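Chemist: Only the shape, not the letters, is given here:
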């Protein structure tokens, strides 16, 4: 692990923003610009970009751009030698910041495919500061045109897995309280978990429940983290006054703005780990059955309506295959 950094700050940052890059340097630069040009990042804030061994010139490009834009005093670059996943990179960045800049009061885990609206960080910071039981706050994520995205949720469950795949009006109405996507409005609302694309966390909470679980290579790490926080008595809130543009999936290759790509193996592995870790293997199997049943209902509706499946290719086959792999007791290792 190598660090490209400048002189340490005189005092520990009030807010540390962590951005993980993996071959998305152009997106990172746009994200940094939204933070550092203007008054979006608080005066006591700092940013660390952790590069997950991109190997595509990202480190050199980011280092050059940070210097050219005069961001050296507030933006720091951490070059990791291996890609061990999203959680690992975030944890390394946090540990590095604590040792070089000082321990921050709050940490914002921010995706590289985001653009923070002007003053978009003030509302969640003020909300958390004024509500001591709140340990996690999420922003309103939106498309560039302002259309809101689903970003506040209930914890996954067996019935929630069926509902989310079936996508059937009457079913969704009956199973409303198990819908994963929570209803939000213009006011802050307490939820089970928020999107890790923009998740503000008290460092005190990190001290108490630990950092992100590195067993999750990518996906479900924020669900697991919010679940552990809730078990420790901390609250999680959605704060819609904080508005952040999210270019969905551009940092992972899974996006609604172009033909969906095949769902990666580590999505299935992370999903299975969450259910098994928090509910046990039997519950995880029933969650798989519910997902398959809901998916088949949706496929039947498409067949009757003579419509094409809009999701990732080979999704059902991949899900079935992974379920069989998990049932056999074998665990796949995410690609490096």
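Modeler: On my side now, so go ahead. This structure is a prediction, so every number in the text was calculated from the model and none was measured.

Chemist: okay, now the domains of the chain?
Modeler: 2-148+184-246, 265-327 (automatic domain parsing).

Chemist: Take the ones you listed and lay them out in a markdown table including mean pLDDT, mean neighbour count and distance to residue 173.
Modeler: All C-beta atoms are positioned from the backbone trio N, CA, C, and that covers glycine. Formatted as a markdown table, the domains of the chain follow (pLDDT from 0 to 100; neighbours: other CB atoms under 10 Å; distance: least, CB to CB, whole Å):
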| stretch | mean pLDDT | mean neighbour count | distance to residue 173 |
| --- | --- | --- | --- |
| domain 2-148+184-246 | 95 | 19 | 18 |
| domain 265-327 | 94 | 16 | 15 |
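
Chemist: right, and the ones you listed - which one's nearest residue 155?
Modeler: Of all the domains of the chain, it is domain 2-148+184-246 that lies closest to residue 155, at 4.5 Å by CB to CB.

Chemist: quick one: that closest one to chain centroid distance?
Modeler: Taking the mean of its C-alpha atoms, domain 2-148+184-246 sits 10 Å from the chain's own mean (CA atoms, centre = their mean, to the nearest Å).

Chemist: again with stretch 170-183
Modeler: Relative to its chain's centre, stretch 170-183 lies at 22 Å (CA atoms, centre = their mean).

Chemist: Stretch 316-324 now?
Modeler: Distance, centroid of stretch 316-324 to centroid of chain: 24 Å (CA atoms, centre = their mean).

Chemist: what sits up against stretch 113-124?
Modeler: 15, 24, 27, 30-31, 34-35, 38-42, 45, 108, 110, 137-139, 141, 144, 197-198, 200, 239, 241-251 (CB atoms under 8 Å, 6 or more residues apart in numbering).

Chemist: In strands, which of these appear?
Modeler: Cross-referencing those against strands under DSSP state E gives 15, 45, 108, 110, 137-139, 141, 198, 200, 239, 241-246.

Chemist: what does the helix ranked longest in the chain rub up against?
Modeler: With secondary structure taken from DSSP state H, the chain has its longest helix at helix 281-304. With contact meaning CB under 8 Å, 6+ apart, helix 281-304 is reached by 156-159, 161-168, 171, 272, 275-276, 279, 308-309, 315-316, 319-320, 323, 326-327.

Chemist: now do 10 Å
Modeler: For helix 281-304, contacts defined as CB atoms under 10 Å, 6 or more residues apart in numbering pick out 156-168, 171, 175, 268, 271-279, 307-311, 315-316, 319-320, 322-323, 326-327, 329.

Chemist: Now residue 134, what are its backbone angles?
Modeler: Dihedral pair for residue 134: phi -80, psi 120, per degrees, to the nearest 10.

Chemist: List the contacts of it.
Modeler: Applying CB under 10 Å, 6+ apart, we find residue 134 in contact with 124, 127-128, 188, 190, 200, 202, 205, 234-237, 239.

Chemist: Make JSON lines from those and add secondary structure and distance to residue 220 to it.
Modeler: As requested, those are arranged in JSON lines below (DSSP: H, G, I helix; E, B strand; the rest coil; distance: CB to CB, whole Å):
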{"residue": "124", "secondary structure": "helix", "distance to residue 220": "22"}
{"residue": "127", "secondary structure": "helix", "distance to residue 220": "25"}
{"residue": "128", "secondary structure": "helix", "distance to residue 220": "23"}
{"residue": "188", "secondary structure": "coil", "distance to residue 220": "24"}
{"residue": "190", "secondary structure": "strand", "distance to residue 220": "21"}
{"residue": "200", "secondary structure": "strand", "distance to residue 220": "19"}
{"residue": "202", "secondary structure": "strand", "distance to residue 220": "21"}
{"residue": "205", "secondary structure": "helix", "distance to residue 220": "18"}
{"residue": "234", "secondary structure": "coil", "distance to residue 220": "19"}
{"residue": "235", "secondary structure": "strand", "distance to residue 220": "20"}
{"residue": "236", "secondary structure": "strand", "distance to residue 220": "15"}
{"residue": "237", "secondary structure": "strand", "distance to residue 220": "20"}
{"residue": "239", "secondary structure": "strand", "distance to residue 220": "22"}
